[in-house]
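# build the 3D model from these lines:
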Amino acid sequence: MAYDLQEQEQIDTLKAFWSQWGKLIGGAVLAVSLGFLGVKGWQFYQRSQAEAAAVIYSQLETQLQGAKLEQVKSTVALLQRDYPASALSSNAALLAAKLAFERNDLGFARAQLKWVLAQQGDEVVTAVARLRLATVLLDEKQYDAALAELSLPRPAAFDSQFLDLKGDVLVARGDSNGARESYKAALAKAAPDAPARDFIQTKLDSVGN
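Numbers count the residues shown, from 1 in each chain. Next up is the predicted model:
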């Protein structure tokens, strides 16, 4: 096919352009395509991981309803091994720790709560784990360790609960004056309609206003 002079110049210009920039443009297009596929692949992987973790978590819920602690221990270990970054794994550890505490398996409860804290995840989950860990330590008569946990930063919404438990630890350690101040602070931080107010007040009355 014959080309007139203008068409030939356009073809030559296009050839020169692709000769100079073709590899760069092709590489850029490839990089964008691979990046897109990579994002899609990562999203698919995350979704599949979440679904797999949810299946195991549903098994855990059944085991918890039956209070089957040994099965719960195995299931939680599986979640923590295969899906440590999943929020379900931290939730599972909290629930397993609660059951273990009720069964007086304080060592396992403590280990689960420390695992949650080590994940450095959601601040609310972390605060719950720290509060429960302090409760376990109180039950183990590890008063200094419990107070150390209760002195660490937490969301303001948890202040009253932390101060209330601190009062309990101080009572157990024989520090009535310290407990009194802690209970007063817990009341000051509690919402006016908080169900725990009456209970905290009762404890405050027991150590003397």
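# which of the helices and strands in the protein ranks last by mean pLDDT?
Every helix and strand of the chain was ranked by mean pLDDT, DSSP states H and E. The lowest is helix 5-65, at a mean of 64.
# just the residues contacting stretch 168-178, thanks.
Under the contact criterion Cβ atoms under 8 Å, 6 or more residues apart in numbering, stretch 168-178 has outside partners 134, 138, 141, 143, 146-147, 150, 167, 179, 182, 203, 207-208. Any C-beta I mention is one placed from the backbone N, CA and C, and that applies to glycine too.
# can I get the residues you listed in JSON lines with distance to residue 117?
Converted to JSON lines, the contacts of stretch 168-178 look like this (distance: Cβ to Cβ, whole Å):
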{"residue": "134", "distance to residue 117": "11"}
{"residue": "138", "distance to residue 117": "17"}
{"residue": "141", "distance to residue 117": "21"}
{"residue": "143", "distance to residue 117": "19"}
{"residue": "146", "distance to residue 117": "14"}
{"residue": "147", "distance to residue 117": "16"}
{"residue": "150", "distance to residue 117": "13"}
{"residue": "167", "distance to residue 117": "22"}
{"residue": "179", "distance to residue 117": "25"}
{"residue": "182", "distance to residue 117": "22"}
{"residue": "203", "distance to residue 117": "27"}
{"residue": "207", "distance to residue 117": "30"}
{"residue": "208", "distance to residue 117": "35"}
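# sitting in helices, which of these do you find?
Filtering the contacts of stretch 168-178 for membership in helices, criterion DSSP state H, returns 134, 138, 143, 146, 147, 150, 167, 179, 182, 203, 207.
# whichever of those residues end up buried, select them in ChimeraX.
Buried members of the ones in helices among the contacts of stretch 168-178 can be picked out in ChimeraX with the line below, counting by 16 or more other Cβ atoms under 10 Å:
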select :134,138,143,146,147,150,167,179,182,203,207
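# quick check, residue 160 in contact with residue 189.
Yes - with contact defined as Cβ atoms under 8 Å, residue 160 counts as touching residue 189 (4.0 Å).
# tell me the secondary structure for the residue nearest in space to the middle of the chain?
Nearest to the mean C-alpha position of the chain, by Cα atoms, centre = their mean, lies residue 121 at 3.6 Å. Secondary structure assignment for residue 121 (DSSP: H, G, I helix; E, B strand; the rest coil): coil.
# and the closest residue to it other than its chain neighbours, how many neighbours does it have?
Ranked by Cβ to Cβ, 6 or more residues apart in numbering and with sequence neighbours excluded, the top spatial neighbour of residue 121 is residue 90, at 5.7 Å. When neighbours are defined as other Cβ atoms under 10 Å, residue 90 has 24 of them.
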